[in-house]
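Novice: model this:
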Amino acid sequence: MKVIHAFPYHGVTGVNRYVSILNECLLELVPDIEIVNIIFCSNKETVKHKKINHPRIRYRFIESQMGMNLNYDPMSDVVPNLVAADLFEQILLDEKPDLINFQHLSDIGVSLVGSAKELGISTIVTMHDYWAICPRSFLINSDLELCNGPNLGLRCVNCFNDSKNTRLEELTPFVDRYKYINDIIDKKSDLVITVSDALRNRFVEEGWKADKVVTIRTSLGEAIKEQDHKPECDPKDQITFGFIGNMFVHKGPHILIEAFQRLKTPKARLIMYGSIDPLYRSTLYGLADGNGNIEFRGSYQANELADIFNEIDVLVVPTVCPEQPLVILEALQHRTPVIASNLGGVPEMVNNDFGALFEAGHVEELQRLLQKVTEDPEIIRSWIDHMPRLPSVEHFILNVFEYYRRIVGRADSKYNVDKSHLELLGPQDKGFLRKPIIPKQIRRIENYLDTYREAQIAIFGTGQLGRHVGSYLMNRGMQIIHYIDNDSNKWGSDIDGITVISPNQISGVSGLSIILVVSDWETEILDQLKNIESSAIKIGFYSYSI
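Specialist: As a prediction, this is how the structure comes out:
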């Protein structure tokens with residue numbers, strides 16, 4: 001059997017980890033399988049997906065537009081770049097696979113499912129999140145509040161445009177996006193695999209055929225051997241709570257830090273592993289300031305997880321969106337109890353026998369749980385003793401393969417997130433999903449600058465987005481007189497004929513009216529500008545609001 005796994009590359013994500021596990025184990029367990037990975041990416045040289053050196057697996061790359069644009073077109077999620085679509089179909093014609101499993105469809109174009117089906121190829125779509133019904137993937141709106149559903153796409157426009165100014169012609173594409181994606185998956189896929197019942201139930205609620213959507217829960221490997229169990233918890237020891245994963249707003253690390261700060265006890269410490277969204281960094285560091293028992297350990301590699309979990313007594317997963325985090329399975333695999341938000345697929349993985357659930361976003365409730373564990377460490381021992389053995393990775397893989405073989409051969413998700421956690425965030429934190437926030441912000445800023453048509457503007461930031469914004473504003477008749485950057489290597493160079501200057505030169509620029517900061521280091525740069533003598537108005541691209 002020849003199988004294609006098709007997916008977009010958005011950095012090292014859970015989807016990448018899932019596909020790597022699938023590839024490795026299928027090759028080991030199924031002797032006659034051949035796998036071709038089609039990876040959609042901006043530049044194949046930057047792809048860090050784990051490649052396997054094996055005679056029965058190959059990798060094909062399709063380079064296409066990925067990620068941020070100044071304007072988001074909902075229909076781009078339906079119809080891909082035509083060059084990419086042609087190359088995709090050519091690969092299918094060359095490879096002649098028996099089956100294609102789409103692992104995600106963001107930045108790919110859901111119409112490719114139909115393209116594969118029309119070439120006579122069996123098709124499976126694996127859903128890891130809510131992208132099919134939510135352009136933001138996580139069912140949280142642009143104000144970081146839980147969305148109860150797209151309402152057939154009508155509600156989605158509010159995340160990308162100011163609702164009070166929405167016109168009918170802006171609304172229609174979001175309704176069309178919803179309709180086309182659901183129709184194509186319904187009519188052109190042979191099977192939909194979801195990684196949790198929460199996902200499956202929600203899609204069935206949206207009208208997907210129940211007998212066509214199956215849940216196959218992921219497993220990461222054999223349970224840790226008996227002799228590798230953690231040492232018993234000594235009540236006199238300091239309790240170590242941990243957070244593992246990339247730190248984005250929707251993952252809720254700000255909730256954990258605030259709850260931990262309220263403990264005010266030397267008997268606990270918090271270690272946090274993972275890279276931090278630059279826009280979110282100042283908020284997390286500000287919340288943790290002054291507490292020596294909070295440590296940011298930075299990014300980590302998968303082969304370091306055993307040592308990391310050996311140091312952690314309890315993993316905390318404070319997500320504020322309905323998801324199904326792989327890190328919970330990794331914790332259970334390493335016999336580490338979990339305290340987590342009661343959203344999405346999380347309650348399917350965690351219960352009170354070997355962990356605890358709390359209302360998403362509720363700082364006080366999480367604080368009480370941390371306090372309880374800190375005051376009575378024997379709870380941890382009890383949780384470990386009652387921890388279930390995870391199904392082996394072989395069980396998971398063979399379950400997936402059984403559906404592959406079959407296909408080739410022929411409840412209510414209303415959740416609540418306590419909004420008080422939003423008070424811990426800064427205005428720039430809403431920009432954690434760059435793609436949808438950019439169109440809204442560029443329109444807000446353009447409307448503001450329309451009242452200053454004669455203003456002389458400088459753009460602080462020479463990255464891709466800074467250059468795009470500068471070009472966009474110039475094309476609309478606005479005067480961009482300088483770019484500014486902290487990188488000395490860029491000083492004196494020019495962008496579209498406009499000179500890049502250093503921050504120290506700002507005071508000497510005559511007539512400068514507005515400085516627009518377009519950088520992931522927005523918070524730090526705005527603070528930097530407070531110490532520079534200039535009467536220019538300072539505007540943060542991400543934090544600006546009206």
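Novice: kindly confirm my reading that A84 is in a helix.
Specialist: Yes: assessed with DSSP: H, G, I helix; E, B strand; the rest coil, A84 lies in a helix.
Novice: which parts of the stretch 51-200 of the chain are strands?
Specialist: In the stretch 51-200 of the chain, the strands defined using DSSP state E, counting those that start in this stretch lie at 57-63, 99-102, 122-127, 191-194.
Novice: buried residues of the longest one, list them for me.
Specialist: Right, strand 57-63. Applying a neighbour-count criterion of 16 or more other Cβ atoms under 10 Å, one finds I57, Y59, R60, F61, I62, E63 buried in strand 57-63. All C-beta spots, glycine's among them, are computed from the backbone N, C-alpha and C.
Novice: stretch 109-120 too?
Specialist: G109, V110, S111, L112, V113, G114, S115, A116, K117.
Novice: repeat that for stretch 1-12.
Specialist: K2, V3, I4, H5, A6, F7, P8, Y9, H10, V12.
Novice: same check, this time on stretch 35-54
Specialist: Those would be I35, V36, N37, I38, I39, F40, C41, S42, V47, H49, for stretch 35-54 by 16+ other Cβ under 10 Å.
Novice: need the max-distance pair from those residues.
Specialist: I35 and S42 (23.3 Å; Cβ to Cβ).
Novice: quick one, phi psi at T319?
Specialist: phi -50, psi 150 (degrees, to the nearest 10).
Novice: sort the buried residues of stretch 1-12 by pLDDT and name the bottom one.
Specialist: Ranked by pLDDT, the buried residues of stretch 1-12 bottom out at V12 (72).
Novice: distance of that residue from G292?
Specialist: 30 Å (Cβ to Cβ, to the nearest Å).
Novice: next one: K538
Specialist: From K538 to G292 the distance is 33 Å (Cβ to Cβ).
Novice: got it, and R434?
Specialist: Taking Cβ to Cβ, one finds R434 at 33 Å from G292.
Novice: then F203?
Specialist: The value you get for F203 to G292, if Cβ to Cβ is used, is 46 Å.
Novice: how about the helices of the stretch 251-400 of the chain, start to end?
Specialist: Ranges of helices in the stretch 251-400 of the chain, per DSSP state H, counting those that start in this stretch, are 253-261, 278-288, 305-311, 326-333, 363-375, 378-385, 393-408.
Novice: could you give the angle of the fourth one to helix 393-408?
Specialist: The directions of helix 326-333 and helix 393-408 differ by 130 degrees, with axes from the mean of the first three to the mean of the last three Cα atoms, to 10 degrees as the criterion.
Novice: and the second one, by the same measure?
Specialist: Relative orientation of helix 278-288 versus helix 393-408 (the same axes, to 10 degrees): 150 degrees.
Novice: which residues of the stretch 101-250 of the chain fall in helices?
Specialist: Remark: helices assigned in the stretch 101-250 of the chain by DSSP H, counting those that start in this stretch are 111-118, 168-188, 197-205.
Novice: turn these into CSV, columns for mean pLDDT and distance to A85.
Specialist: Below are these laid out as CSV (pLDDT from 0 to 100; distance: least, Cβ to Cβ, whole Å):
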stretch, mean pLDDT, distance to A85
helix 111-118, 93, 7
helix 168-188, 91, 14
helix 197-205, 94, 25
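Novice: for V509, find the nearest of the ones you listed.
Specialist: Using Cβ to Cβ, the helices of the stretch 101-250 of the chain put helix 168-188 closest to V509, at 37.6 Å.
Novice: chain center to the closest one: distance?
Specialist: 23 Å (Cα atoms, centre = their mean, to the nearest Å).
Novice: what of stretch 255-265?
Specialist: The answer for stretch 255-265 is 25 Å, by Cα atoms, centre = their mean.
Novice: looking at it now, give me its mean pLDDT.
Specialist: On average, stretch 255-265 scores 94.
Novice: returning to that earlier point: closest to A455 out of the buried residues of stretch 1-12?
Specialist: For those, the nearest to A455 is H10 (36.7 Å; Cβ to Cβ).
Novice: is that closest one in a helix, a strand, or coil?
Specialist: coil.
Novice: does it touch S106 like I think?
Specialist: Yes: counting by Cβ atoms under 8 Å, S106 is a contact partner of H10 at 7.2 Å.
Novice: what do those two both touch?
Specialist: Counting by Cβ atoms under 8 Å, 6 or more residues apart in numbering, H10 and S106 have no contacts in common.
Novice: okay, now the unreliable bits of this structure?
Specialist: 163-164, 220-236, 409-415 (pLDDT under 70).
Novice: 80 instead, please
Specialist: 11-12, 66-69, 162-169, 220-237, 409-416, 546 (pLDDT under 80).
Novice: circling back: JSON lines for the buried residues of strand 57-63, including distance to H250?
Specialist: Below are the buried residues of strand 57-63 laid out as JSON lines (distance: Cβ to Cβ, whole Å):
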{"residue": "I57", "distance to H250": "33"}
{"residue": "Y59", "distance to H250": "30"}
{"residue": "R60", "distance to H250": "32"}
{"residue": "F61", "distance to H250": "29"}
{"residue": "I62", "distance to H250": "28"}
{"residue": "E63", "distance to H250": "28"}
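Novice: quick one: which of these is nearest Y180?
Specialist: I62 (21.0 Å).
Novice: ok, now which ones touch the closest one?
Specialist: Shown in contact with I62 (Cβ under 8 Å, 6+ apart): I38, I39, F40, C41, A84, L87, F88, I91.
Novice: show me what contacts G109?
Specialist: Contacts of G109 were listed using Cβ under 8 Å, 6+ apart, and they are S76, D77, V78, V79, P80, N81, A84, A85.
Novice: show me those residues that map onto helices.
Specialist: Of the contacts of G109, the ones assigned to helices by DSSP state H are A84, A85.
Novice: pick the one among the contacts of G109 closest to S392.
Specialist: Using Cβ to Cβ, those come closest to S392 at D77, 35.9 Å.
Novice: circling back: I328: which of the strands of the stretch 51-200 of the chain is closest?
Specialist: The closest of the strands of the stretch 51-200 of the chain to I328 is strand 191-194. By Cβ to Cβ, the value is 16.3 Å.
Novice: please enumerate the strands of the stretch 201-350 of the chain.
Specialist: Ranges of strands in the stretch 201-350 of the chain, per DSSP E, counting those that start in this stretch, are 213-215, 239-244, 268-273, 294-298, 314-317, 338-341.
Novice: which parts of the fourth one are buried?
Specialist: For strand 294-298, the buried set under the neighbour-count rule, 16+ other Cβ under 10 Å, comprises I294, F296.
Novice: how about the nearest residue to P278, chain neighbours excluded?
Specialist: Spatial nearest neighbour of P278, chain neighbours left out: D520 (3.6 Å); criterion: Cβ to Cβ, 6 or more residues apart in numbering.
Novice: you'd agree the one you found is in a helix?
Specialist: No: counting by three-state DSSP, D520 falls outside a helix, being coil.
Novice: from E24, how far off is it?
Specialist: On the measure of Cβ to Cβ, D520 and E24 end up 34 Å apart.
Novice: cheers, nothing more for now.
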